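In: mind folding the following:
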Amino acid sequence: MFSLTKPDRARITTYLSGKCAVPFSYPEVGQTKVCPPSANYTIDHNRVELGRGANVFDLAKCAIAEWKMFDIPWIEVCWPDRPIEVGTTVAVLVFHFGCWSLNPARIVYVVDERGATERYGFAYGTLPGHGETGEERFTVEFNHADQSVWYDLYAFSRPAGLVGLGRPFARMLQKRFAEASKEAMRKAVSGGMVE
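Out: Numbers count the residues shown, from 1 in each chain. Presented below is the predicted three-dimensional model:
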């Protein structure tokens, strides 16, 4: 959904309520868990080290649970108090090129792995009305051997509808988001506390 004015909470809530039961807008649901899809998608994979130690990992997990990777001035998650669980539907409100876009998505799976490398996070998939079709995974990892903690952002996508006409701009926004999201996660864990 595109708008020249920022939609208010009531409008967003109404919009999201209409998305709760719709199917995903792409057939490869869950594919970020196993391997890249085979056809016509752009793959983006970004990683950044957040620090070292179990405390940093705990902070990073809290940051994921509170959607802190979207603490970006030109982006807003509707709503960041939604639980990280399969089926949770959210929308990402983005201000770009002088207008607002509301992009619905639903959590496909949750990651909570133990072992030599612990991982926590989730992936969400696009719903009809999103500017892209595809899936994005947000995880943090703790490697016990070297104590490193990483934020990992992995996605496959292609333009939906008219967005394809502005593909270079869409790619620019995706790259800008990846950099801003990594910075938001670094900020969330710095100083020993999640704000």
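
In: please identify the buried residues of the strand of greatest length in the chain?
Out: As assigned by DSSP state E, the longest strand anywhere in the chain is strand 99-113. Using 16 or more other CB atoms under 10 Å as the test for burial, strand 99-113 gives 100-109, 111. For the C-beta atoms, the positions are set from N, CA and C on the backbone; glycine is no exception.

In: now pLDDT too, for these, in TSV please.
Out: Listed next are those as TSV, based on pLDDT from 0 to 100:
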residue	pLDDT
Trp100	90
Ser101	89
Leu102	92
Asn103	93
Pro104	96
Ala105	97
Arg106	97
Ile107	98
Val108	97
Tyr109	97
Val111	97
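
In: would you format the residues you listed as TSV with distance to Asp71 included?
Out: Converted to TSV, those look like this (distance: CB to CB, whole Å):
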residue	distance to Asp71
Trp100	18
Ser101	19
Leu102	18
Asn103	17
Pro104	20
Ala105	17
Arg106	21
Ile107	19
Val108	22
Tyr109	23
Val111	21
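
In: where does the chain have low pLDDT?
Out: The model of the chain has pLDDT under 70 over residues 38, 161-166, 191-195.

In: can you give me the helices in the protein?
Out: Ranges of helices within the chain are 9-17, 54-65, 167-189, based on DSSP state H.

In: out of those helices, which is closest to Val29?
Out: Val29 sits nearest to helix 9-17 of all the helices of the chain, at 19.2 Å, using CB to CB.

In: in the closest one, what's buried?
Out: By neighbour count on 16+ other CB under 10 Å, the buried set for helix 9-17 is 12, 15-16.

In: ok, residues contacting it?
Out: Residues outside helix 9-17 that contact it (CB atoms under 8 Å, 6 or more residues apart in numbering): 1, 7, 78, 89-91, 93, 102, 104, 129.

In: same thing but at 6 Å, please
Out: The contact list for helix 9-17, computed with CB atoms under 6 Å, 6 or more residues apart in numbering, reads 78, 89, 91.

In: could you do stretch 91-110 as well?
Out: Stretch 91-110 is touched from outside by 1-4, 6, 16, 19, 29-30, 74-78, 86, 88-90, 122-127, 129-131, 173, with contacts defined as CB under 6 Å, 6+ apart.

In: contacting residues around Thr42?
Out: Ser157.

In: okay, and the beta partners of it?
Out: Applying DSSP bridges to Thr42 gives these bridge partners: Ser157.

In: how close does the residue lying closest to Leu153 once chain neighbours are set aside sit to Arg52?
Out: Take Leu153 and drop its neighbours on the chain: the residue closest to it by CB to CB, 6 or more residues apart in numbering is Asn46, 4.5 Å away. Distance, Asn46 to Arg52, by CB to CB, to the nearest Å: 20 Å.
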